[in-house]
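S.K.: quick one: sequence plus predicted model below, questions after.
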Amino acid sequence: MTKDGIEYNLNITPYVFKHYYYDLEITYKFSSQLYLDKFLEFICNDESESVRVNCIKADLRLLKDIKAYSKIEKRGFHIVKNDEVIFNNLNDITVIPRFDII
């Protein structure tokens, strides 16, 4: 860690945030307290949880959070699912939509 509190190795960073999406636990890892605070501000100010078009409802929170994380964290990309690293790069992500018809 640098003297300014920046951790370039996201495997050992102390700046982490765990968030639950239904039964899925996702951990976002940050290189600095500043980036973690910016992400928390986004999470706290984002009131939308789902999109409804006619009779189809889609929960987009996880996708929006990952997109926000990729814009905020400039020194790496490290997302963990249930204690297992799943993404080290935004290009690793494949989105498979699941819709509930209500």
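M.R.: It's in.

S.K.: so which strand or helix has L63?
M.R.: Using DSSP states H and E, L63 sits within helix 61-72.

S.K.: so which bits of whichever helix or strand comes after that helix are buried?
M.R.: Sequence order places strand 79-81 as the next helix or strand after helix 61-72, per DSSP H and E. The neighbour-count check on strand 79-81 (16 or more other CB atoms under 10 Å) flags 79-80 as buried. In short, each C-beta sits where N, CA and C put it, glycine included.

S.K.: what does stretch 19-38 contact?
M.R.: The contact list for stretch 19-38 (CB atoms under 8 Å, 6 or more residues apart in numbering) reads 4-8, 10-11, 13, 15-18, 39, 43, 59, 61-62, 65, 69, 72-76, 78-83.

S.K.: which of these count as buried?
M.R.: With neighbours counted using 16+ other CB under 10 Å, those contain these buried positions: 6-7, 10, 13, 15, 17, 39, 43, 65, 69, 72-73, 76, 78-80.

S.K.: I'd like the average pLDDT over the helix holding L63.
M.R.: For helix 61-72, mean pLDDT rounds to 82.
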